[in-house]
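# coords please:
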Amino acid sequence: MGDVVALLQALDRGTFLLINGTLQNPLFDLVMPALSNKWLGFLLAVLIIPLLLTRYGRRAVPVLALAILAVSLSDLGANAFKHLFQRVRPCHVVTGVHLLAGCTRSFAMPSNHAANMFALTGALSGAPAPSPCPPTTPPTCSR
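Numbering: from 1, shown residues only. Down below sits the predicted model:
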């Protein structure tokens with residue numbers, strides 16, 4: 001069992017170093033911190049939710065409520081797994097790591113960003129199809 005764990009740890013470390021050392025570039029150095037910024041997600045929600053409500057009216061409310069519930073539950077679940085597994089972040093144990101946004105004290109896996117985006121995508125996949133008529137179209141438009 002110890003050999004398997006050592007092999008997995010070596011594979012994990014090697015894969016991390018390969019990605020961290022060879023895929024870094026100026027574009028990713030600019031984009032990745034922005035994508036992991038939770039305030040950007042809130043800003044996008046503040047901009048997109050009124051547009052959805054304007055476009056779909058009351059039909060958007062259940063989908064938006066489901067999306068908020070799904071993201072909230074996935075965030076809680078991912079945090080529970082982080083505390084269950086207690087996987088230390090690589091920046092605390094590997095030297096020479098290329099950091100873009102600092103090294104937090106929270107545990108590493110699973111990724112809350114990935115879990116939340118998966119939950120959001122699943123919830124939004126049930127969104128109503130766009131109506132062929134804008135909300136302000138006269139009654140002559142066929143729905």
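# C-alpha only now, for contacts and for neighbours.
Will do.
# hey, where'd the helices end up in the protein?
2-22, 26-35, 38-56, 60-85, 90-93, 112-124 (DSSP state H).
# to residue 106, which of these lies closest?
Judged by C-alpha to C-alpha, the one of the helices of the chain that comes nearest to residue 106 is helix 60-85, at 8.2 Å.
# what residues of the closest one count as buried?
Applying a neighbour-count criterion of 16 or more other C-alpha atoms under 10 Å, one finds 60, 63-64, 66-68, 70-71, 74-75, 78-79, 81-82 buried in helix 60-85.
# of these, just say which sits nearest to residue 47.
residue 64 (13.3 Å).
# OK, contacts around that closest one?
Residues in contact with residue 64 (C-alpha atoms under 8 Å, 6 or more residues apart in numbering) are 49, 124.
# any idea how far residue 29 is from it?
Going from residue 64 to residue 29 by C-alpha to C-alpha, to the nearest Å gives 32 Å.
# go on, residue 85?
According to C-alpha to C-alpha, residue 85 and residue 29 sit 29 Å apart.
# and if you look at residue 123?
Where residue 29 is concerned, residue 123 sits at a distance of 30 Å (C-alpha to C-alpha).
# who has more neighbours, the two?
residue 123 (20 against 15; other C-alpha atoms under 10 Å).
# excluding its backbone neighbours, what's nearest that one?
Using C-alpha to C-alpha, 6 or more residues apart in numbering and skipping residues adjacent in sequence, the residue nearest residue 123 is residue 67, 5.0 Å away.
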